[in-house]
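Q: Only the shape, not the letters, is given here:
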Ligand SMILES: Nc1ncnc2c1ncn2[C@@H]1O[C@H](COP(=O)(O)OP(=O)(O)OP(=O)(O)O)[C@@H](O)[C@H]1O
């Protein structure tokens, strides 16, 4: 059994239904240490044969047997591994990857070995030194002569220490000096015990080897040994794998750097969409925050006032009073705390200080719906104290209303006693503080109110209750709904509620809705970015068709080719979102600077969540956009890709 055997290889090409047989039943066997030249007329099927031996073409009849193992039954993955580990390709037109340096071109092959990074680099340098390119490792292929390019290709072919070197007219594009040098290198490879099979038109090249096989009309017309073959070499000890994800990421970055201007434009284009979305979300947060801030400074949205829902023709005041059972049932509602008695009077109240008097149209007990911050000076009322609105205070002392704080004034209240006779209650109270008229209220404590009425033996019952809702303002609406659900005997709501919490929650829902609609509109530009990325990646695939062919010939799997384009898309997504985030933060800084001086509030609040959302959506869209182009790249036929011009 020979090292490599070809059994009855037949191959035809078809144009429509018309068959063009190229190889018509070849039987050959090769041993390691041989330097075989395949000679034949142009179009005779030499390249076709090399592709079959090299595992690039499996669409033939017959069998290729390596070390007793047939390639016939190999899966695509096994064929990838065969090309990586057993075959080293050298092409007439060199087929180097133009955006990689000499060193990187050799490293592509080495990155598919299990050697450590350091060992890979050492081996690449050593191989390049061996082919005489020590000084040129950092150059790009277009900075090299033809002969130098072919040496890079030889170093690359040797990288994974394969047992078979297939050279398809390796000197076809070289002058006689370079031809001589390349042939010597190939001869050296054969001396090391590898099998070198080279295709050539030239008798001189053919005479250099140890054996000549002539192909005529799809058959072997001559097979002659002209020199003693060299001794077979040792088994290849390097194990290989396909390009790992890290390596494809690196290659994608290198390719992006090579097409820098185009990629910068794409990144800017894609960033615009992400930028708009982040700005919209940030602005939404800011506007919502600002509106809530404004509302919260006026009212306490978590405080509710509850009164009995009595019909207007009802004259029985007792019906509007709150009972202990009302208090108890409110206390039981989830998120409710601090249910307090409240009492208000409308009309009949007056204040006196010396000769000055002031009528109070509405008087109530101090409760949580009166914001502490509405008290501009002084404090909330305690026992026998009264909080005045600035308006009322100004009636008692126009010039210096605040000077009333700490002073004693007399409070009068007209009411009816138990016998329904009109009486005037009076009590001296100390002014505890002055509150804003719009958000505060003239008020005393419930106890003080009780003692004012108690002075004429009148007992009062709370005519409203206040409660506080714990947690966020979102809890207010459910509490309100529970309270509204209590019905009286006529199936009417038993209570009426005043408080803005539910409204704030509804307002927030609307603001959120508006922000999401705006962000979605901004998101349409993401669709444009996605289409742009798809187009660019398709262009990239067609530009890199040859590179894909080269990588496939080197043994890169379809999956890794797919990853190469996913990696590129990943970076486009990543970089464009980073750019978008920087721009959005910059705009936020400017907008907030201006807003701070105008409304004293940061109007654009970009949260970490918004940033993460931008980052993830950008990468996800780019990866989705890469699906079709990456799939196309992976499906490309390696042989067609290699011959792509
Ligand atoms: N994909 C293809 N579809 C159809 N015909 C093909 C295809 N590839 C090659 N052929 C034909 O098969 C024949 C053999 O081609 P091949 O490239 O193997 O020849 P060759 O001996 O290497 O030629 P040369 O020495 O000129 O490179 C040619 O007639 C060519 O036109």
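A: Cool, got the structure. Small disclaimer: the values here were computed from a predicted structure and weren't measured.
Q: and residue 299, how far is that from residue 371?
A: 7 Å (C-beta to C-beta, to the nearest Å). Every C-beta, even on glycine, is put in place using the N, C-alpha and C of the backbone.
Q: now do residue 224
A: Here residue 224 is placed at a distance of 107 Å from residue 371 (C-beta to C-beta).
Q: Who has more neighbours out of those two?
A: Between residue 224 and residue 371, counted using other C-beta atoms under 10 Å, the more crowded position is residue 371 (17 against 8).
Q: Show the pLDDT at residue 439.
A: Per-residue confidence at residue 439 stands at 67 (pLDDT).
Q: Revised request: answer the last question for residue 369.
A: So residue 369 comes in at 82 (pLDDT).
Q: What strand or helix carries it?
A: Under DSSP states H and E, no helix or strand contains residue 369.
Q: Isn't it up against residue 300?
A: Yes. Using C-beta atoms under 8 Å, residue 369 is in contact with residue 300, at 6.2 Å.
Q: which residues of this protein score low on pLDDT?
A: 236, 311-318, 438-439, 499-505 (pLDDT under 70).
Q: what residues does it put near the ligand?
A: Taking C-beta under 6 Å from any ligand atom as the criterion, the chain approaches the ligand at residues 13, 22, 40, 42-48.
Q: got TSV for these, with neighbour count and distance to residue 535 too?
A: Formatted as TSV, the residues of the chain next to the ligand follow (neighbours: other C-beta atoms under 10 Å; distance: C-beta to C-beta, whole Å):
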residue	neighbour count	distance to residue 535
13	12	33
22	19	38
40	21	44
42	6	39
43	9	38
44	22	42
45	23	39
46	23	39
47	20	34
48	20	35
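Q: Could you work out the most separated pair of these?
A: Farthest pair in these (C-beta to C-beta) is 13 and 40. Separation: 16.4 Å.
Q: quick one: the helices in the stretch 201-350 of the chain?
A: Applying DSSP state H, counting those that start in this stretch to the stretch 201-350 of the chain gives helices spanning 203-208, 245-258, 260-298, 324-331.
Q: Deepest-packed of the ones you listed, please.
A: Mean neighbour count (mean count of other C-beta atoms under 10 Å) peaks for helix 260-298 among the helices of the stretch 201-350 of the chain, with a mean of 19.
Q: That helix - contacts with which helices or strands?
A: Applying 3 or more C-beta pairs under 8 Å, 6 or more residues apart in numbering; DSSP states H and E, one finds that helix 260-298 contacts helix 501-543, helix 558-599, helix 608-635.
Q: show me the contacts for residue 392.
A: 351, 358, 360, 442 (C-beta atoms under 8 Å, 6 or more residues apart in numbering).
Q: Please parse the chain into its domains.
A: Domain segmentation of the chain under automatic domain parsing yields 4-241, 255-295+507-642, 301-309+317-497.
Q: tell me how far the first one is from the chain's mean position?
A: It refers to domain 4-241. 44 Å (C-alpha atoms, centre = their mean, to the nearest Å).
Q: and if you look at the second one?
A: Distance, stretch centre to chain centre, for domain 255-295+507-642: 8 Å (C-alpha atoms, centre = their mean).
Q: gap between the two ends of that domain?
A: 19 Å (C-alpha to C-alpha, to the nearest Å).
Q: cool, the first one as well?
A: When the termini of domain 4-241 are compared using C-alpha to C-alpha, they are 23 Å apart.
Q: Please work out how many residues are found near the nearest residue to residue 152 once chain neighbours are set aside.
A: Once flanking residues are discounted, residue 152 sits nearest to residue 102: 5.2 Å by C-beta to C-beta, 6 or more residues apart in numbering. Number of residues near residue 102 (other C-beta under 10 Å) recorded here: 26.
Q: next one: residue 14
A: 8.
Q: that's a strand at it, yeah?
A: Yes. Membership of residue 14 in a strand is supported by DSSP: H, G, I helix; E, B strand; the rest coil.
Q: Over to residue 170. Which of the three states is it?
A: Applying three-state DSSP: residue 170 is coil.
Q: List the residues that contact it.
A: Contacts of residue 170 (C-beta under 8 Å, 6+ apart): 90-92, 150, 153-154, 182, 186, 198.
Q: before we move on, back to that, who are the neighbours in contact with the residue nearest to residue 152?
A: Residue 102 neighbours (C-beta under 8 Å, 6+ apart): 128, 133, 136-141, 144, 152.
Q: residues in contact with the host helix or strand of residue 24?
A: Per DSSP H and E: residue 24 is located in strand 18-30. Contacts with strand 18-30, where a contact means C-beta under 8 Å, 6+ apart, come from 2-14, 36, 45, 48-49, 52, 60, 62, 195, 197, 213, 215, 217-220, 223.
Q: Can you tell me how far residue 513 is from residue 507?
A: Distance from residue 513 to residue 507, by C-beta to C-beta: 11 Å.
Q: Likewise for residue 252?
A: On the measure of C-beta to C-beta, residue 252 and residue 507 end up 47 Å apart.
Q: Next: residue 563.
A: Residue 563 is 48 Å from residue 507, where distance means C-beta to C-beta.
Q: which of the two has more neighbours?
A: More neighbours surround residue 563 than the other of residue 563 and residue 507, with 26 against 17 (other C-beta under 10 Å).
Q: Ignoring the adjacent residues along the chain, who's closest to that one?
A: What sits nearest to residue 563 in space, not counting adjacent residues and going by C-beta to C-beta, 6+ apart, is residue 248, at 4.3 Å.
Q: can you pull the contacts of the one you found?
A: 560, 563-564, 566-567.
Q: One more pass at 10 Å, please.
A: Counting by C-beta atoms under 10 Å, 6 or more residues apart in numbering, residue 248 makes contact with 111, 242, 551, 556, 559-568, 570.
Q: out of the residues you listed, which are buried?
A: With burial judged by 16 or more other C-beta atoms under 10 Å, the buried subset of those is 111, 242, 551, 556, 560-568, 570.
Q: Next step: the residues of the chain next to the ligand restricted to strands.
A: 13, 22, 40 (DSSP state E).
Q: Can you get me a residue count around the closest residue to the last one other than its chain neighbours?
A: Which is residue 40. Among residues not flanking residue 40 along the chain, residue 215 sits closest, at 3.5 Å (C-beta to C-beta, 6+ apart). Residue 215 has 23 neighbours, counted by other C-beta under 10 Å.
Q: rewinding a little: can you pull the buried residues of the strand holding residue 24?
A: Neighbour counts over strand 18-30 (16+ other C-beta under 10 Å) mark 22-26, 28, 30 as buried.
Q: ok, now stretch 345-357?
A: For stretch 345-357, burial by neighbour count (16+ other C-beta under 10 Å) applies to 345, 348-351, 353.
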